[in-house]
Structure formats: structure tokens, C-alpha cells
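Chemist: here's my sequence, what's the structure:
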Amino acid sequence: MIQLSDHLRQILETLPPRPGCYLYQDENGEIIYVGKAINLRNRVRSYFHDGPQDHKTRQLVKRIAHIDWIVVDSELEALILEMNLIKKHRPRFNIRLKDDKRYPYIKVHWADAFPKVTVTRMMVRDGSRYFGPYTSVWAVHQTLDVLRRIFPYLTCDREITGKDPRPCLYYDIKLCSGPCIGAIQQEEYRRMIDDLCNFLQGRTEPIVNRLRVEMEQAAEDLNFEKAAAIRDQINAIERVVERQRVISGEKMDSDVIAMARANGEACVQIFFIRGGKLIGREYFILEGTHEEADSEIVSEFIKQFYSEAANVPPEVLLPQEIEEARIIEQWLKSQTGGQKVELVVPREGSEQDLIQMATENALETLAALKAQWEADTNKQQQALAELQQALNLPEPPNKIECFDISNTQGTAMVASMVVFEQGTPSKKHYRHFNIQNVIGPDDFASMEEVLTRRFKRWQAAQEGQFEPGKKPDPAFAILPDLLVIDGGKGQLGRAVQVLEQFGLRDQVPVIGLAKQQEEIFVPGRSQFYYPAILKDCICSNAFGMKPIDSRLQLIANNALAREWLPCWIKFPASARHAAAGCSPISALWKPSVKQASKSLPRPPASPLNWLRK
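Modeler: Got it, this is the predicted structure:
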């Protein structure tokens, strides 16, 4: 056994030989790995035995400072507990879905008398029917747009009595069936929503057959308007269905899972086959996969995906055998209310061809994503380099901190700190401040107070002076490469005073942004006009504001603005003002294009030479 601290040695001696989960923590108390075992004592002790281990395991063992464990009664309970703990703590050494969040679902409010169809990110046991998860909320809304034209479901919140004097506009444009005015009865409406659910599950043939019977009956009754409406509905369904690829004549219901790997990332592609037709596909990126076996990655994906999935088919096709197949099948059976679920590894035939097709799609998806990531990284690096050159900074501003003050009609003064690292928002480092020592709407004094508090926390982190039991806040532990203050000379002057107070005047570059005249203020210089496009570069990139259409016209019309086009990169809208609790509309550029063009000074031949003056 390797050299261990007395604390860890004592824990290893007391581990019980029972099933359960173990949690490894580092010296800061952060959970870095969660695992399960049939025998906790044997499994945990195996990590500390002398012998060959991969690099990832060696790094994990080096960081273990404490071990917790939870005992359960069975291997199945250990599996479920492990999944919940990984979802809660997202340990860095576990395989996990990248950008893990609550994925969107289509929710059918079946418990309501007149069910609506909405998009949600949380499944609740309320009698509703759910479909998903999906990786793209945009794709979900596109799907609902198509469904609404085929099955015009209810979207408003009014109480449905069938006696309203008139319907809303959606009824007139055939996007609602009009239950509010009694145009459709409850039984017929619920049957339409049930058809929508079957459509989402890929079971379209019974729907079309029943609709054909209804169409013919309506024609026999000389109700030609209803017959024409049903005919249009049938045609719309068939147009969608004809784009679905027929996979098998056996009308199988199964999910097909395949995987591709590159540079520590793994892309899992999943095909959804219902009734023998490929009705959809999704891809998921997993991280923490370095040096992990393919079978282990597939196993972890199955557990994490189907713990969130609304529906589980009776068959899941896999590219290879997984060690936990038996216990996962047992868990999936419990997820489906007792329906048997098989994990199958096809060796030949059409099912093997499906695995190969999914693998090829995973490879293509991962290659496309990799190219996109590299392009985004290059754009960010180029933008930071151009910002460094434009502001004459000693190095690229890899960390930018932006401060803004807001109030509600002169009261409830607040401030926000928005942070960007390597040109992208670092939301975990965003911070809010309540102004404590300023009375009334005094932006100058408020900015001074906030910056003083920010750099006091940096100073405390450097000196190791923080409250017992608390760790230094990582948002304040590192100095920014560029400090951006929302305001003109007054706010900038207070910022400079604070930097001088802490001896940081020469270490932290600072600029001020003034909204009204498109001005950027730099310490030691008088009024400083930048081209409008540079203002957009700094303001939209640092503060997350989106330029409006008139700016686009200004770029096209103004040669000076066009020279600054390469340094314009996009970041999420309204980050600064959402953080400060106020609307971003007030910060958008207001003058007309003609006024803005007149306000721009005439520069020398090179804009950069002009900026350095």
C-alpha cells in the first residue's frame, strides 16, 4: 500500500464490507470523485495499493484528503445513489455530460381537461406526458411549430367553458381548434392531443388510418369543409413522415447508441427508432473521459441520459459490451414501471449497420464541433490582441472586470461585477454588491466603495487574512488585466484613486465608458473619442450588449468603422444590466445614423495612430 496520512489510514481501516457509494474529497473539501461498490472496503482500498495505475487514477489518489461513504442495501440502490451524487456535485474526475443542465422537454398537460403543450426543463409527476430530453431548445420550438399546424392545440390561459363570445386570432389563422367557443368538444380535443403524443412517439399509421375513416364519413355526411380540413391534416402528417427514414420492416422500437473520441472529449450519438423508422437523433458531449475505456464511457452515458429521459424503449443497441449491463437493465426496468429493457450488442445484420451509421455520425459531429471550437478560440485570441493594441495595453486582457452602478429612482443602490476570461463570460465569477455607505444616488462614491471592497478582498487573499472556516473568493483572488468602469471622468477618477490607494496604479489598466457621446476615457488624457465600432467591441464584448440595427448600417456606411470590423466579437446580451438589476435598453445607442456619423472625428490615415495620441 502506498504512503498514506494517518487520517486516511484510519478511514480505510473502518470501511464496512457492504454495498454503497464513496466520495473522495480534496484538501479544500471539494468532492472530486464519486464511485459505487458492492464491497466498499475492498473497492476503496484498491485505489491505494501499489501497482500499475493510469495517469488519471494516480492524479486522483494524490488529491484525496478525506473519504466519505454511504451504505445502502443493494447494488441497485448504490447505482441510483451514485447517479444522484454525480448529478449534484459534478466531480471533476467523473465522466459527466458537458454543459450539464436541465435539458428541454415537450410537456403535454394531460391532467388538464383541455391539455396544452409547452416546453419545460423539469419533469414533475403531475399526470403530464413528457417527451425528450432534447439538446436544442430551438429545435424543440421548431418541432412544436410543425405540430401546431397539424394538431392546432390550445396555448392561451383562459378558462375553457366553450361559451366565449369570440376566439383569439390563433383560431382565425388555424393554429388553435377553438375549444373556448365550443368549436371542438372536450372528447374530440383530447383525442387530437393523444394523436399528437403518438405522433411524437413515431406511431403515425393508426392516426392516419383513423383520420381517413373520419374524412370519408364527413364527405358522406356532405360536411365537405370538415372533410377538407381532415384531408389537409393527413397530408401534413404524411409530408413529415415521408422524411423519416425506414430502418426496419419489423417496426422495432429501440435506441441506437454509438460514440466517437478525440483529445479527451467523447461524442455520443443516439438514434431514436420507433415503429421501424428513424424519428430523431441527438448528440451529447461528455468530459472527464481521458484514459477511460470506451465501455465505461458508454455505461456512464446510459445512466446519465436515461435518468433524465422521458421514455425508455424496450431495446437499446450498444457498440460494445458493458460491465454493468445486468444491473443497468434492472434499473431501466424500474424506470419503465416493470417493462423489460434489454441492452443488446449486435454482431451482424441491419442492427449492426445502425451502430455503424450512428458511429459515423458521431465522428462527423465531433469533427464539426472541434472545428467550431478552434475557430471560436482563434477569434477570441484575435479580438483580445486587437483590444490590447487599440488600448496600448502591456499584454492581452485575458481577464476583464467590468463594474456598473444601478439604482431604483435614486434608492436601493446596487453594483455588479461582470468578469470575462479569455474573451468569454466567466459567470461563476460574477458578483453583486449592495451599496452600504452611500446615501442617495451618488454614482461616484458608490463606484469608489465597490472598488475598495473588491481590492480589499484581493489584499486579504494575498495576506491570508480571511474569516476562520472560510476560503478566499476566487473571483477576487486574481487581479484583472483590464478594469472597465461604466461612466466618464468622475467615475474613472475615483477608480484611479482606489488603485493608487492599494498600490495597483501601474499593475491594473483602467478605462471608463461613457454612453452619451460614444466616449472612452483613459487616465492621464483629456476627452477621448473612439470610433463607434470600437465602442461596440469593448461594450458588447465586456458588458454583453448587442448592437442595434442602426449600428450595422453605420458599419456599412462609415469607412472608419469598417476598419474596426475585425475586432467585433459577440457575447451574451444584457449581462451587465441583468446583473445590476436594470434594463439593457437604456444602455443602447440612441442617436440616429446621421447624427453618429457627424459625431465621429476625422482621424489620420491610421486609426491606431489616432487612438494612441
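Chemist: contact partners for the residue nearest to residue 422 when sequence neighbours are not counted?
Modeler: Once flanking residues are discounted, residue 422 sits nearest to residue 398: 5.7 Å by CB to CB, 6 or more residues apart in numbering. Glycine gets a C-beta too; all of them are placed from N, C-alpha and C. Residues near residue 398 by CB atoms under 8 Å, 6 or more residues apart in numbering: 384, 421-422, 481.
Chemist: packing partners of the longest helix seen in the chain?
Modeler: The helix that spans the most residues within the chain, counting by DSSP state H, is helix 349-391. Helix 349-391 is packed against strand 254-262, strand 265-274, strand 277-287, strand 315-317, helix 532-543, helix 607-612, with contacts defined by 3 or more CB pairs under 8 Å, 6 or more residues apart in numbering; DSSP states H and E.
Chemist: mean pLDDT lowest for which of these?
Modeler: Within the helices and strands packed on helix 349-391, the stretch with the lowest mean pLDDT is helix 607-612, showing a mean of 33.
Chemist: now stretch 29-49: buried residues?
Modeler: Going by neighbour count (16 or more other CB atoms under 10 Å), the buried part of stretch 29-49 is 31-37, 40-41, 43-44, 47.
Chemist: per-domain residue ranges of the protein.
Modeler: For the chain, the structural domains run 6-94, 105-200, 254-367, 392-612, going by automatic domain parsing.
Chemist: turn those into a markdown table, columns for distance to residue 380.
Modeler: Compiled in a markdown table, the domains of the chain are given as follows (distance: least, CB to CB, whole Å):
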| stretch | distance to residue 380 |
| --- | --- |
| domain 6-94 | 24 |
| domain 105-200 | 23 |
| domain 254-367 | 18 |
| domain 392-612 | 3 |
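Chemist: nearest to residue 379, out of the ones you listed?
Modeler: Of all the domains of the chain, it is domain 392-612 that lies closest to residue 379, at 5.9 Å by CB to CB.
Chemist: tell me the one among the contacts of residue 398 nearest to residue 79.
Modeler: Checking the contacts of residue 398 against residue 79 with CB to CB, the nearest one is residue 421 at 36.8 Å.
Chemist: what is the burial count for that closest one?
Modeler: Neighbour count of residue 421, defined by other CB atoms under 10 Å: 16.
Chemist: so what's the residue lying closest to it once chain neighbours are set aside up against?
Modeler: Excluding its sequence neighbours, the residue lying closest to residue 421 (CB to CB, 6+ apart) is residue 399, at 5.4 Å. For residue 399, the contact set (CB under 8 Å, 6+ apart) comprises 419-421, 478-482.
Chemist: how about the residues you listed, which pair is most distant?
Modeler: Using CB to CB, the contacts of residue 399 reach their maximum pairwise distance at 420 and 479, which is 14.3 Å.
Chemist: how many neighbours does residue 209 have?
Modeler: 10.
Chemist: sec struct for it, please.
Modeler: helix (DSSP: H, G, I helix; E, B strand; the rest coil).
Chemist: what sits against it?
Modeler: By CB under 8 Å, 6+ apart, residue 209 lies in contact with nothing.
Chemist: any figure for the gap between it and residue 198?
Modeler: 12 Å (CB to CB, to the nearest Å).
Chemist: do residue 182 as well
Modeler: In terms of CB to CB, residue 182 sits 26 Å off from residue 198.
Chemist: who's more crowded, those two?
Modeler: Ranked by neighbour count (other CB under 10 Å), residue 182 and residue 198 place residue 198 first, with 16 against 13.
Chemist: and the more buried one, which helix or strand is it part of?
Modeler: Assigned by DSSP states H and E, residue 198 falls within helix 186-200.
Chemist: list the buried residues of that helix.
Modeler: For helix 186-200, by 16+ other CB under 10 Å, it's 189-190, 192-200.
Chemist: what angle sits between it and strand 277-287?
Modeler: With axes from the mean of the first three to the mean of the last three CA atoms, to 10 degrees as the basis, helix 186-200 and strand 277-287 are set at 60 degrees to each other.
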